[in-house]
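1. Mind looking at a prediction? Sequence and model below.
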Amino acid sequence: MGRKKEKTDEEILSTARSCFIQYGPAVATGVIAKELGVSQATLFNRFNTKRELMFAALGPPERSRLDEMLSSAPDDRPIRDQLVEIGTAAVDYFNETDPRLAVLKAAGLTNEQLSQCYAVMPADATRDKFSRWITKAQTSSRVTDVDAEHLSVAFMGALKSGVAALEDNPPSDQLKYIEGVVNIFWRAIDPSR
């Protein structure tokens with residue numbers, strides 16, 4: 001009989017994340033351990049405290065598709081098409097990070113304590129990166145000269161609030177909403193107008 005395969009940190013964090021999101025910050029480590037099929041001792045061998053486990057499980061994703069899109073200048077495709085892709089990736093990112101933050105806030109963490117987990121809050125990081133992306137598009141005259149920071153706040157805010165309202169709708173409704181937001185913003189920044 002061989003030894004049972006050990007759970008990876010990612011398997012532990014993924015299961016813990018699901019449990020924290022489903023049951024809230026008060027979920028017992030025993031529930032997480034049972035879900036994993038390991039003992040509580042195994043959890044505490046990897047993560048010294050429940051708080052450490054919670055921070056690791058609910059911290060920001062390592063790298064998102066949105067990060068990858070916004071880390072470089074716009075490519076040769078039409079900017080409007082790229083904005084739809086960015087909007088879709090932003091919604092996916094918000095859908096991943098918002099529940100994590102909600103649990104951490106429900107645990108009573110202050111903004112200072114949250115900053116131990118998130119060096120930059122997801123909404124702020126997203127707006128900053130998108131603002132830099134728009135600035136790069138302006139430099140190559142692919143969008144009109146606008147205040148990139150204000151545009152970024154408005155664009156990401158419209159995506160975040162609108163899609164939250166459509167959370168239970170099918171993905172096709174969310175995509176229609178994203179395309180509608182992009183169309184509104186594109187009319188303001190289209191250099192051919």
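-> Structure received. Model, not experiment: these values are computed from the prediction.
2. Would you mind measuring from the residue sitting nearest the centre point of the chain to Pro60?
-> Nearest residue to the geometric centre of the chain (C-alpha atoms, centre = their mean): Tyr93, 2.9 Å. In this view, Tyr93 and Pro60 are 10 Å apart by C-beta to C-beta, to the nearest Å. For the C-beta atoms, the positions are set from N, CA and C on the backbone; glycine is no exception.
3. any common contacting residues for these two?
-> Shared contacts of Tyr93 and Pro60, defined by C-beta atoms under 8 Å, 6 or more residues apart in numbering, are found at Pro122.
4. hmm, back to that, in three-state terms, how would the residue nearest to the centre of the chain be classified?
-> helix (DSSP: H, G, I helix; E, B strand; the rest coil).
5. Could you check how far it is from Phe20?
-> From Tyr93 over to Phe20 (counting by C-beta to C-beta), the distance is 19 Å.
6. what does Arg127 give?
-> Counting by C-beta to C-beta, the gap from Arg127 to Phe20 is 26 Å.
7. If you count neighbours, what's buried in the lowest-mean-pLDDT helix or strand in the chain?
-> None of the helices or strands of the chain scores lower by mean pLDDT, DSSP states H and E than helix 111-117, at a mean of 84. Residues Cys117 are the ones in helix 111-117 that count as buried (16 or more other C-beta atoms under 10 Å).
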